[in-house]
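**Student:** Show me how the following folds:
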Amino acid sequence: MKMTGQRTHTIDRGVAEGRELRRLLETGPFADALRAAIRARGLGLDRIRYRLRGRGCSVSLATLSHWQSGRCRPERPESLLVLKNLEEILGVPPESLSRLLGPPRGRAARCTVPGEGLVMPRGRDT
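**Tutor:** Numbers count the residues shown, from 1 in each chain. Modelled structure (predicted):
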């Protein structure tokens with residue numbers, strides 16, 4: 001059987017992506033490893049969210065996007081449960097993504113919606 005150049009290129013790219021994913025799961029950072037795992041699985045964020053919802057995990061598309069872009073990361077107990085299920089959906093080894101998180105960051109470094117939780121003192125317009 002003769003392989004076409006396109007098929008060979010696709011196989012080579014898949015092998016290279018698999019190596020890159022394994023490297024990122026070992027070394028991180030979290031956002032890069034998550035993005036590579038999502039790309040390797042071939043699922044869109046909406047499909048991932050649908051599968052998570054089927055497992056009883058509710059997460060927004062914005063949150064998944066923020067996690068993979070590095071804007072924020074899962075830290076709350078509910079988010080870590082979502083991450084555990086996400087690892088299963090993406091077909092990566094258990095705790096391979098969660099171990100890349102490291103220790104929890106301070107409250108100010110967590111993911112928040114701009115302006116959420118901000119209270120302006122009365123009488124000030126700044």
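**Student:** Spatially nearest residue to Gly91, not counting backbone neighbours?
**Tutor:** Once flanking residues are discounted, Gly91 sits nearest to Arg41: 6.1 Å by C-beta to C-beta, 6 or more residues apart in numbering. Backbone N, C-alpha and C define where each C-beta goes, glycine included.
**Student:** which SS class is the nearest residue to Leu80 once chain neighbours are set aside?
**Tutor:** Closest residue to Leu80 apart from its sequence neighbours, by C-beta to C-beta, 6+ apart: Pro74 at 5.7 Å. Recorded secondary structure, Pro74: coil (DSSP: H, G, I helix; E, B strand; the rest coil).
**Student:** and the residue nearest to Gly91, what is it in contact with?
**Tutor:** With contact set as C-beta atoms under 8 Å, 6 or more residues apart in numbering, Arg41 has these partners: Ile89, Leu90, Gly91.
**Student:** TSV please, covering those residues and showing pLDDT and distance to Ala62.
**Tutor:** Shown next, in TSV, are the contacts of Arg41 (pLDDT from 0 to 100; distance: C-beta to C-beta, whole Å):
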residue	pLDDT	distance to Ala62
Ile89	97	18
Leu90	97	19
Gly91	97	24
